[in-house]
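Enquirer: I'll drop the sequence and a predicted model, then ask my questions.
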Amino acid sequence: MTDLSGKKIAFVATDGYEDSELTSPWEAVTAAGATAVLIAPEGGSIEGKNGHTQPVDLTTDAADAADYDALVLPGGVVNADHLRMDEKAVAFSKAFFEASKPVAAICHAAWTLIEAGVVKGRTLTSYPSLKTDLRNAGAEWVDEEVVVDQGFVTSRTPDDLPAFNAKVIEEIAEGKHPGQHA
């Protein structure tokens, strides 16, 4: 198994996230030795659409991308819609691309990255209903279980989590990717 000891991974989410799209990658990176940190627009705790509750470690206005090795964005329609309207969450996400750090987004999470202006010229996947949004933002959308584009990992649905988690760990272990850019 790949060792991510010493790595600090930011997870950004809010209420309405797809439970397994937060918990499964969280368990995968922590099992590999990384420290996972939940960042949300507000403190306290957040609740997934199926009832999983997760305590918030830090708010988006207090978070600095320089403190983390990678970013994971869980999906969920409500979660992604709220995050793309949160300027701090959008700026925090964009900072990972500017620093060439690995970013992983699943399902509807790509909405936040469209808002951040970082998908143009990138090949990625998402929940199928985002295909037109992503193409309109300049991305090449493909229907595959997991896509990696210079440290940028994307998947479609919870069914893709095994492949998604494996690639997330691989890209984090590789570190910065010069082709990862805003």
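Expert: That came in fine, so what should we check first?

Enquirer: contacting residues around the residue nearest in space to the middle of the chain?
Expert: What sits nearest the mean C-alpha location of the chain, by C-alpha atoms, centre = their mean, is Leu73, with 2.2 Å. Each residue near Leu73 by C-beta atoms under 8 Å, 6 or more residues apart in numbering is listed here: 11-13, 80, 83, 93, 103-106, 109, 112-113. In short, each C-beta sits where N, CA and C put it, glycine included.

Enquirer: give the bridge partners for it, please.
Expert: Ala105 (DSSP bridges).

Enquirer: any idea how far it is from Met1?
Expert: Distance, Leu73 to Met1, by C-beta to C-beta, to the nearest Å: 24 Å.

Enquirer: quick revisit: I'd like the contacts of Leu73 as CSV, with secondary structure appended.
Expert: Output for those, formatted as CSV (DSSP: H, G, I helix; E, B strand; the rest coil):
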residue, secondary structure
Phe11, strand
Val12, strand
Ala13, coil
Ala80, helix
Leu83, helix
Ser93, helix
Val103, strand
Ala104, strand
Ala105, strand
Ile106, strand
Ala109, helix
Thr112, helix
Leu113, helix
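
Enquirer: and which of those is nearest to His52?
Expert: Of all these, His52 sits closest to Ala13, with 10.7 Å by C-beta to C-beta.

Enquirer: let me see the contact set for that closest one.
Expert: Contacts of Ala13 by C-beta under 8 Å, 6+ apart are Leu22, Leu38, Ala40, Ile46, Gln54, Leu73, Pro74, Gly76, Asn79, Leu83.

Enquirer: what's the answer for Thr23, then?
Expert: Here Thr23 is in contact with His52, Gln54 (C-beta under 8 Å, 6+ apart).

Enquirer: can you do 6 Å?
Expert: By C-beta atoms under 6 Å, 6 or more residues apart in numbering, the contact list for Thr23 is empty.
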